[in-house]
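J.: give me a model of this one.
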Amino acid sequence: MGVSTIRQFVPETCAAIHQVLKEKYLKCPDTVEEWQQVADGFQAQWNFPNCLGALDGKHVNVRPPPGTESDTFSMVLMALVDSSYRFLYVDVGCNGRISDGGVFGGCTLQDALENRTSNIPAPAPLPGSYQLAPCCVVADEAFPLKEYIMKPYPNHRLSEEQRIFNYRLSRARKVVENAFGILANRFRVFQTTINIQDTAKVEDIVLSCCALHNFLRTESRDLYMAGIVDQEGPDHDTVPGRWREDPELRQASLPHTTNATTRAEQHRDELCRYFISDAGAVHFQWGKI
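T.: Numbering: from 1, shown residues only. Sure thing, here's the model as predicted:
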């Protein structure tokens, strides 16, 4: 078949797949109960309390649109992932020249977290404690520190307690790294340049892949993931999944400013202290720093 024919029917098919699957398999939680299930999963699987997801953004390389001076062009796929590698929220289409933090600033998820809409749960006690803590998402250094976004302490002159916090956060955040890795390993189009100039069609391709990923995670044992995803050994050391042998999806650059509010820094410090308390510590953390 000719390239022009393939460019026509592949996006049409992807648009249909996304349309059929999105309401059940690519729907962001919008009730307190649904968000609480996400938080329960992070606590049970990754020992991170009051966590509503792991957040990250990756570049999707596409053919430059007409009139674009650069030979390279990309769109950013922003995603929030649950504890079982399912995409809870995806936003695609922003120009890849914008940093992760800048992309996040323009998406509906930030509005929901900032204003506590979409039935985001109210602050809740940390497990085994009477200390109230707001619900948050975990992210890397590319995102601003906010009450609802926890990121690592900067890597210089860290105390033992801060290194423990960074380990605990990294352990929970790795689910989004793995979700992107599984996605690109299964749908190899992410490891090349999508040869389509129409950004709307590229969005259909990306969203259909995310929906199919969630469908397979939800409706089958998804045996494909065996050996692909990172595993934790008996001593909780990470055994890298085979997706890490693939070309890595490109990370967006850092935002120009990462100024944090006092309340956000206090929340991070409170979690830091909780993770070394009798109620919040896990026995293996001391050997991981």
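J.: spatially central residue in this structure, please.
T.: Nearest to the mean C-alpha position of the chain, by C-alpha atoms, centre = their mean, lies Leu55 at 3.1 Å.
J.: residues contacting that one?
T.: 78-81, 104, 137-139, 143, 149, 176 (C-beta atoms under 8 Å, 6 or more residues apart in numbering). No exception for glycine: its C-beta is placed from N, CA and C like everyone else's.
J.: quick one, helices of the stretch 1-150 of the chain?
T.: Ranges of helices within the stretch 1-150 of the chain are 3-25, 32-46, 100-105, 108-115, based on DSSP state H, counting those that start in this stretch.
J.: and among these, the most buried is which?
T.: Stretch with highest mean neighbour count among the helices of the stretch 1-150 of the chain: helix 100-105 (a mean of 22; mean count of other C-beta atoms under 10 Å).
J.: what's near enough to touch Asp30?
T.: 118-119.
J.: ignore what I typed, I meant Glu270.
T.: 131, 133.
J.: returning to that earlier point: between the contacts of Leu55, which is closest to His267?
T.: Ile149 (9.9 Å; C-beta to C-beta).
J.: how near is the closest one to Ala39?
T.: Going from Ile149 to Ala39 by C-beta to C-beta, to the nearest Å gives 15 Å.
J.: flag every buried residue along the helix ranked longest in the chain.
T.: Criterion DSSP state H: the longest helix present in the chain is helix 160-186. Buried residues in helix 160-186, counted by 16 or more other C-beta atoms under 10 Å: 162-169, 171-186.
J.: over to stretch 213-221?
T.: 213-217.
J.: reformat the residues you listed as TSV; add distance to Leu21, secondary structure and pLDDT.
T.: Listed next are those as TSV, based on distance: C-beta to C-beta, whole Å; DSSP: H, G, I helix; E, B strand; the rest coil; pLDDT from 0 to 100:
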residue	distance to Leu21	secondary structure	pLDDT
His213	10	helix	95
Asn214	8	helix	95
Phe215	6	helix	94
Leu216	11	helix	92
Arg217	12	helix	91
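J.: so Arg268, which of the three states?
T.: What DSSP: H, G, I helix; E, B strand; the rest coil gives for Arg268 is helix.
J.: so who does the residue nearest to it when sequence neighbours are not counted touch?
T.: Distances taken as C-beta to C-beta, 6 or more residues apart in numbering place Met150 nearest to Arg268, at 6.0 Å, with adjacent residues excluded. Contacts for Met150 (C-beta under 8 Å, 6+ apart) come out as 136-139, 169, 267-268, 271.
J.: now swap in Ser170 and tell me
T.: Here Ser170 is in contact with Pro152 (criterion: C-beta under 8 Å, 6+ apart).
J.: how many other residues sit next to the residue found closest to Pro127 once you drop the neighbours it is linked to in the chain?
T.: Nearest residue to Pro127 in three dimensions, chain neighbours excluded: Pro49, at 5.5 Å (C-beta to C-beta, 6+ apart). Pro49 has 25 neighbours, counted by other C-beta atoms under 10 Å.
J.: now Asn119: how far from Met150?
T.: 20 Å.
J.: ugh, wrong one, Tyr167
T.: Tyr167 is 13 Å from Met150, by C-beta to C-beta.
J.: I'd like the distance between Asp204 and His59.
T.: Distance from Asp204 to His59, by C-beta to C-beta: 18 Å.
J.: who has more neighbours, the two?
T.: Asp204 (23 against 19).
J.: does that one touch Gln19 like I think?
T.: No - Asp204 lies out of contact with Gln19 (C-beta atoms under 8 Å); the separation is 9.1 Å.
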